[in-house]
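> Structure, please.
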Amino acid sequence: MQEQLPLIAVTMGDPAGIGPEIIVKALARKTVATACRPLVLGVRGAFERALLVTGVPLDIEPVGSTLPREWKEGKIYLREVAELGPDDLIAGRPTLAGGEAVFRCIEEAARLCLDGTVQGMATAPINKEALNRAGHHYPGHTELLAELTGTEKYVMMLAGKRLRVALATIHVALSDVPRLVTMERVLDTIRVTHRDVHRYFRPHPRIAVLSLNPHCGEGGMFGDEELTAIAPAVAAARGEGIDAVGPLSADTLFHFAARGEYDAVVCMYHDQGLIPLKLLHFEDGVNVTLGLPIIRTSVDHGTAYDLAGTGAASELSMCTAIEMAAAMARVRGADGAAEHEGA
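Residues are numbered from 1 along each chain as shown. A predicted model of the protein is given here:
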């Protein structure tokens, strides 16, 4: 029955990017409509433009403080979180006001998740520079949501059907990575990854942990992070009953992970994980923030300003993000985590 479908907040993303377009295209898909009741947070003008350029035959239904009793077919249920003028809705031209609207959408979605109004959130891509220009100084969604939810230990995981990668460091300069790869950080990443993959995706997951240096450092010849941080973290995790293996060499591990021999891979830095993930899941990859008290998924791509306003951007990642948030909400609602604990 429809009332049993989870409510998922879907945030607009940058109004000058492809977010509104991929959202309307996603909402037109039967798989999304049968997975959840999407509540879109954004700016009406951005979605009017998106409907025009995509030709999607949906109507906008405004939603105020009271949610509708039912979600009817052919509707976009939109809660307008901000107002923008025409100059802030030009495709491919991000603005300060647009950055502020991005923040308000994310803030509202987090609030709705925390108070139980919705069971999860799925986010469209944002422009981090526009967000920062508007006075909200965060490297991205992940760090912003961690602050909004009071979360200290969180992990960015990118997921597809064949591969899941979790990141020990996220949006930092590559030159900063070695000093950030500490035993404590790697162990926290393993713990959070194990807990939430176990909770939402696969009971008792097998976790591969990558090295930082080529050939696992060759016993210290190419760096000692494997000896001083990564191996001790893996040993500590195994001592806690986590099925973690490593450090493993990144140049070979992904072959085995993509074959299903591991349920998640803990990577030391951003591109170490995202290059293989996007090779396999360029269109259907999903960004999942682990460790939060709420469910949050996102597309695994950017604002694509070159495609904004054309209606040509693929909605597949947006579809998958919404559907994954709904699936995670069903697991939580059915006490699937408790079942896993007893498995």
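> By mean pLDDT, point me to the weakest helix or strand of this structure.
helix 336-341 (a mean of 39; mean pLDDT, DSSP states H and E).
> From start to finish, how long is stretch 242-262 in a straight line?
One end of stretch 242-262 to the other measures 13 Å (C-alpha to C-alpha, to the nearest Å).
> Correct me if wrong, but residue 17 is in a strand.
No: Residue 17 sits outside any strand when classified using DSSP: H, G, I helix; E, B strand; the rest coil, being coil.
> Pick out the residue closest to the middle of this protein.
Most central in the chain under C-alpha atoms, centre = their mean is residue 287, positioned 2.7 Å from the mean C-alpha point.
> got the contact list for it?
Under the criterion of C-beta atoms under 8 Å, 6 or more residues apart in numbering, the neighbours of residue 287 are 141, 156-159, 297-300, 321. All C-beta atoms are positioned from the backbone trio N, CA, C, and that covers glycine.
> at 10 Å instead, please
Counting by C-beta atoms under 10 Å, 6 or more residues apart in numbering, residue 287 touches 122-123, 125, 140-142, 156-159, 274, 277, 296-301, 317, 321, 324.
> Can you read off the backbone torsions of residue 44?
Torsion angles at residue 44 (phi, psi; degrees, to the nearest 10) stand at phi -60, psi -40.
> ok, what's across the strand from the closest residue to it other than its chain neighbours?
Spatially, and ignoring its direct neighbours in sequence, residue 44 is nearest to residue 80 (5.3 Å; C-beta to C-beta, 6 or more residues apart in numbering). For residue 80, the beta-bridge partners are residue 42 (DSSP bridges).
> Offset the numbering so it begins at 326, please.
Taking 326 as the first residue, the last one we looked at is residue 405.
> Do a quick rundown of the strands in the stretch 526-668 of the chain.
531-535, 568-573, 589-592, 611-615, 621-624 (DSSP state E, counting those that start in this stretch).
> that older thread, buried subset of the contacts of residue 612 as a PyMOL selection?
Listed next is the PyMOL selection for buried residues among the contacts of residue 612, using 16 or more other C-beta atoms under 10 Å:
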select buried, resi 447+448+450+466+467+481+482+483+484+599+602+621+622+623+624+625+626+642+646+649
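> Which members of the contacts of residue 612 occur in helices, if any?
Mapping these onto helices (DSSP state H) picks out 466-467, 599, 602, 642, 646, 649.
> Looking at the residues you listed, which is nearest residue 512?
Each of the ones in helices among the contacts of residue 612 was checked against residue 512 using C-beta to C-beta; the closest is residue 467, at 19.2 Å.
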